[in-house]
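Q: got a predicted model here, sequence first, then my questions.
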Amino acid sequence: METRAIIETKELTKIYSGDVAVDRLSFNVTEGEIFGFLGPNGAGKTTTLLMLLGLTEPTSGSARVLGLDPAREPIKVKSTIGYLQENMGFYSDLNAVQMLKFVAELNNLNAGEIPGRIDEALEKVGLSKESAKKIGAYSRGMRQRLGFAELLIKDSKFAFLDEPTLGLDPDATNRIMELIESLCRERKMTILLSRHLLHPSVLYRFVRALLQSKLEQRSILPKDLWRVKAVIGWGIDTSIYREEVRKYWGMYPYEFHACTEAGIMAMQSWNKKDLTFIPYSNFFEFLPENSRNGSNQSGTVLLSKVKPGERYELVITSFHRMPFIRYRLGHLVRITALEDKEAQIYLPQMVFEARADDLIDIAGFTRLSEKTVAQAIANTGLNYEEWSIRKETKQGKPTLHLYIELYGEHKSDEVASLLHQELKNIDSFYSDLDSMMNIQPLEVTLLRPGTFKYYYDEKKNGGAELVQRKPPRVNAPDDTIQELVCLSDK
């Protein structure tokens, strides 16, 4: 399908007193596109924008914006486009609502529509809670976001952004760039973006990375840009994405097992295989998995008595004046070996399996962990935003119900079939459900794109702590699942 050209320039030139500011510039920008201007100070970026806005006439050549000639129809051009300059000129003694109301009235908006459009614009740019504050007290990033709200008030289909992230910290820069992307995606706004040329050392690094990627016939990866000395990871995902980390960063991650209560308890050696317990970090006891389930009352065993292949819940007593005496961490680990001969380490080796309370029991002998499910999903190759899984009972039968937000078009039964096969491949007990008992417990509900973000935003706006803004991945309560499903149905 042919896209409409929003900007067209041909041999556009501007000369000031014999100095060429813009030299025979020709380019097109199509609808919904983000088009970037890169160049050092004095390269002519702002002069080009001024010509496209009709604020200065070209010496020669031509330009058309939305089919209009800026040099001959500057008023029409200005009324249909937005311009976010490097230093936004707002009245510092007004608040955001008053400023946007002033802009709306200047653009002859219907008086009855103005309050609603102001509320919508401030919500979109994340300034609703700061709307009563005087603009003079705004940070630079907040002023830039207010500039975007002005574009929304005017309902601009096309906008010039002159150095929109200049002087902003990384977090504010990310917010501005995400806002630009959402305007193009959701409102089909066309953006012409002007930015200074990168620092020479950064540009050199980028060119080197580009050449390396071209030689290997692939896209640029982080390892092409940064030469890291080590990558460190902990948690259930480190081993799952071990190969992915190596692909992108050029090396396998060093894995730690740690928590707030006990500090670092185990770590990998130079060969980056399984983890070795650090015996002087805590006094360790190990509660066998069958003791946890009530089938065995043997109590804990010490580090010297653990058995390869067995799973244990960790119990620690701190050596370092911490108030933890025989404290159950809720960490389920599996002993893989009693030593690592290659590294000449003669202490038990382990891997972290799961949180002890995050196991899903199906039919009494199959216990799936978050790590197992995460590995199975990763193995399918499905690109997802987030997921949550739990055991449910339907018509008296146990069901393993996965709620997942995927990118792209998928069918729930096809996703269930893929994941069922991967779970069988990596978990023998789950495979036995199918082969011995003819049970296929997996059910999949596909959540609409944005569901988990809506959930996060609602919790954040409600004052929830950071840890409470994401639903549990395993065994989420009924009200959490109901909220996800309702958000997906909106």
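A: Sure thing, it's come through.
Q: identify the residues contacting stretch 26-38?
A: Residues outside stretch 26-38 that contact it (CB atoms under 8 Å, 6 or more residues apart in numbering) are 3-12, 45, 48, 61, 180-181, 184, 188-198. Using the backbone N, CA and C atoms, a C-beta is placed for each residue, glycine as well.
Q: do the same with stretch 461-475
A: Here stretch 461-475 makes contact (CB under 8 Å, 6+ apart) with 355, 357-360, 369-370, 373-374, 386-391, 452, 455-456, 459-460, 480-481, 484.
Q: list the buried residues of it.
A: Residues of stretch 461-475 classed as buried: 469, 471, 473-474 (neighbour count, 16 or more other CB atoms under 10 Å).
Q: domains of the chain?
A: What automatic domain parsing lists as the domains of the chain is 5-196, 233-356, 359-489.
Q: okay if I get those as a markdown table plus distance to E216 and mean pLDDT?
A: Written out in a markdown table, the entries for those read as follows (distance: least, CB to CB, whole Å; pLDDT from 0 to 100):
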| stretch | distance to E216 | mean pLDDT |
| --- | --- | --- |
| domain 5-196 | 25 | 84 |
| domain 233-356 | 12 | 87 |
| domain 359-489 | 22 | 88 |
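Q: let me have the ones you listed in CSV, extended by distance to R227.
A: As requested, these are arranged in CSV below (distance: least, CB to CB, whole Å):
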stretch, distance to R227
domain 5-196, 21
domain 233-356, 8
domain 359-489, 27
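Q: which stretch among the ones you listed comes nearest A209?
A: Minimum separation from A209 across the domains of the chain (CB to CB) falls at domain 233-356, 12.0 Å.
Q: so R64 makes contact with R4?
A: No. At 11.7 Å, R64 does not count as touching R4 under the criterion of CB atoms under 8 Å.
Q: and the buried ones among the contacts of stretch 26-38, selectable in PyMOL?
A: In PyMOL, selecting the buried portion of the contacts of stretch 26-38, with burial taken from 16+ other CB under 10 Å, looks like this:
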select buried, resi 5+6+7+8+9+12+45+48+61+180+184+189+190+191+192+193+194+195
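Q: narrow the contacts of stretch 26-38 to those in helices?
A: When those are checked against helices (DSSP state H), the matches are 45, 48, 180-181, 184.
Q: spatially, which two of the residues you listed are the most separated?
A: T48 and E181 (22.9 Å).
Q: helices along the stretch 151-300 of the chain, start to end?
A: Per DSSP state H, counting those that start in this stretch, the stretch 151-300 of the chain has helices spanning 170-187, 200-215, 222-225, 237-240, 242-249, 289-292. These are given in chain order.
Q: those into TSV, with extra columns for distance to S428?
A: Shown next, in TSV, are the helices of the stretch 151-300 of the chain (distance: least, CB to CB, whole Å):
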stretch	distance to S428
helix 170-187	44
helix 200-215	41
helix 222-225	36
helix 237-240	18
helix 242-249	22
helix 289-292	15
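Q: what residues are up against R187?
A: Taking CB under 8 Å, 6+ apart as the test, what R187 contacts is L152.
Q: ah, wrong one, I meant A266
A: By CB under 8 Å, 6+ apart, the contact list for A266 reads 256-257, 275-278, 350.
Q: what's opposite it in the beta bridge?
A: Applying DSSP bridges to A266 yields these beta-bridge partners: H257, F277.
Q: quick one on the thing from earlier: from the buried residues of stretch 461-475, which is closest to E123?
A: Each of the buried residues of stretch 461-475 was checked against E123 using CB to CB; the closest is R469, at 18.3 Å.
Q: where do the strands sit along the stretch 51-200 of the chain?
A: Assigned by DSSP state E, counting those that start in this stretch, the strands in the stretch 51-200 of the chain fall at 60-65, 81-84, 158-162, 190-196.
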